[in-house]
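A.B. asks: Next come a sequence and a model predicted from it.
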Amino acid sequence: MGLRVGAVSEDFRKQLLGYGLTTAQILYRMPDHPSLLQTYVWQNYDMFPKFPALKDFLAFWTEKLDGPLHSVTVAHSKLIKPAELRAVDGVFRLN
C-alpha cells in the first residue's frame, strides 16, 4: 500500500499534537546472573513530562519479562520547534 498524495504519516501527526522523540536507556539485571547488567534502548514518540508510552512499556517489562530493571535514563526532544531566528549584522547588495 503506497502513500497517496497529501497523506501525512502517523508519526508526523503525533509531532503536531505535541509528541516528541523519547529515547530511554534501560539497564536491567540478567535473570541468570543478577550481578551483570545489560542495556536495552527503547525509542518512541511520547508526551513530556508524563511519558505515558514509556510507562506502559516499563509496566509490560515488569509484568512479562524476567530481567529486573536497574535504572532508566530518558532523553526527550520535540522535533517540530519554533523557527530559530538570528540577527543579521549587515545587508549586502549586488548590482
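C.D. replies: Received it, and whenever you're ready, just let me know what you need.

A.B. asks: Which helix or which strand is home to L21?
C.D. replies: With elements taken from DSSP states H and E, the one containing L21 is strand 20-29.

A.B. asks: go on, V41?
C.D. replies: Assigned by DSSP H and E, V41 falls in strand 37-46.

A.B. asks: ok so, going back, what's the strand holding L21 in contact with?
C.D. replies: 35-48, 51, 53-54, 57-58, 61, 67-79 (Cβ atoms under 8 Å, 6 or more residues apart in numbering). All C-beta spots, glycine's among them, are computed from the backbone N, C-alpha and C.

A.B. asks: Got a PyMOL select line for the buried ones in the residues you listed?
C.D. replies: A single PyMOL command selects the buried members of those (16 or more other Cβ atoms under 10 Å):
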select buried, resi 42+44+45+46+47+51+53+54+57+58+61+67+72+76
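
A.B. asks: Output the below-cut-off pLDDT ranges for the protein.
C.D. replies: 1-6, 82-95 (pLDDT under 70).

A.B. asks: Helices along that one, start to end?
C.D. replies: Assigned by DSSP state H, the helices in the chain fall at 10-16, 52-64.

A.B. asks: Any idea what the closest residue to F51 other than its chain neighbours is bridged to?
C.D. replies: If the residues on either side of it in the chain are set aside, F51 comes closest to T22, at 6.4 Å by Cβ to Cβ, 6 or more residues apart in numbering. On DSSP bridges, the residues paired with T22 through beta bridges are N44, H76.
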